[in-house]
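> Have a look; sequence and predicted model below, questions after that.
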Amino acid sequence: MPPRPRDITFHYSYVCKQGFDYALEYSKKNNIEFEYIGLLDADTVLEKNYFGKLLSELKKDNSLGIVSGGIYYDTDGKLSLEVTAKNLPRGTGRIWKKECFFETGGYQVEPSPDSISNIKALLRGWRLMQYTEVVQIQKRKTSAANGLWGGYLKNGWMAYYLGKNSFMALLNVLHLSVKSPYYTGIAYCWGYFSSVIRKEKKIQDPEVRAYYRNQGPGGLLSRISKNVSSNSRDIKEREQ
């Protein structure tokens, strides 16, 4: 494909879609049977037998549609988990069951295609899981490729584009503001509410818009509580 400026919204999903289409067409031409299909970003390093461990979980439970490991960061030889909801697989290092992939329309050329895939799978009765004991190490923080400020500004815009309601957006701001670096909450807030003020275009997919419009705050409040507890433990450890 021709080189283009980095873009984590439409162009990223377009590049991935080209890869999926190529793999599917290649399998069809060469009569290659498969049961699963996966995606791995180039900045992710996997533990030994990463995919084998996830495939064993998929084979144990027919209701599982999408799985991933947990994302960790290596800081001076110590691994730390990036805490997100355990029932939502991460974008990198994920595997779809073939039936789930096709039932949900494959890989969408939209911002945050992993979130869209998760939503469509849940709405069709599939179970999703992030197995945090299966380790993938991300070499840079999520949304940090062009600087955290720009990354979270874009995340705020993507939340608006996908149809997250304002209350949920504010909870996300709170969630980001209680963990370091604290300014990511401001960037996310500006990205979301500046889009509200400008009345920018939103995704047209009615399933995605309805899902976020009706989404409850319980899961996010749980994440905020976990981060506050984690920060308190870190402070106590430093004091000791």
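Alright, I've got the coordinates.
> This protein - how does it break down into domains?
1-141, 143-240 (automatic domain parsing).
> By mean pLDDT, show me the worst of those domains.
Out of the domains of the chain, domain 143-240 stands lowest, with a mean of 77 (criterion: mean pLDDT).
> Mean neighbour count added to the domains of the chain, as CSV?
For glycine as for every other residue, the C-beta is placed from the backbone atoms N, C-alpha and C. Shown next, in CSV, are these (neighbours: other C-beta atoms under 10 Å):
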stretch, mean neighbour count
domain 1-141, 16
domain 143-240, 16
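> And stretch 30-46, how far out from the chain middle?
What separates the centre of stretch 30-46 from the centre of its chain is 17 Å, taken as C-alpha atoms, centre = their mean, to the nearest Å.
> cool, stretch 183-195 as well?
18 Å.
> Check stretch 51-70 too.
17 Å.
> any chance you could map the helices in this structure?
10-29, 50-60, 98-103, 113-123, 148-162, 166-177, 184-198, 206-213, 218-239 (DSSP state H).
> just checking, what packs against the third one?
Taking 3 or more C-beta pairs under 8 Å, 6 or more residues apart in numbering; DSSP states H and E as the contact definition, the neighbouring helices and strands of helix 98-103 are strand 36-39, strand 64-75, helix 113-123.
> quick one: strands adjacent to the shortest one?
Yep, that's strand 36-39 we're talking about. strand 94-97 (antiparallel) (DSSP bridges).
> Tabulate the CA atom coordinates of the strand it pairs with in PDB.
The C-alpha coordinates for strand 94-97 follow below in PDB (Å, rounded to 0.1, in the frame of the first residue of the first chain):
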ATOM      1  CA  ARG A  94      -7.200 -10.400  19.700                       C
ATOM      2  CA  ILE A  95      -8.700 -13.600  18.200                       C
ATOM      3  CA  TRP A  96     -12.200 -13.900  16.700                       C
ATOM      4  CA  LYS A  97     -14.000 -17.200  16.300                       C
END
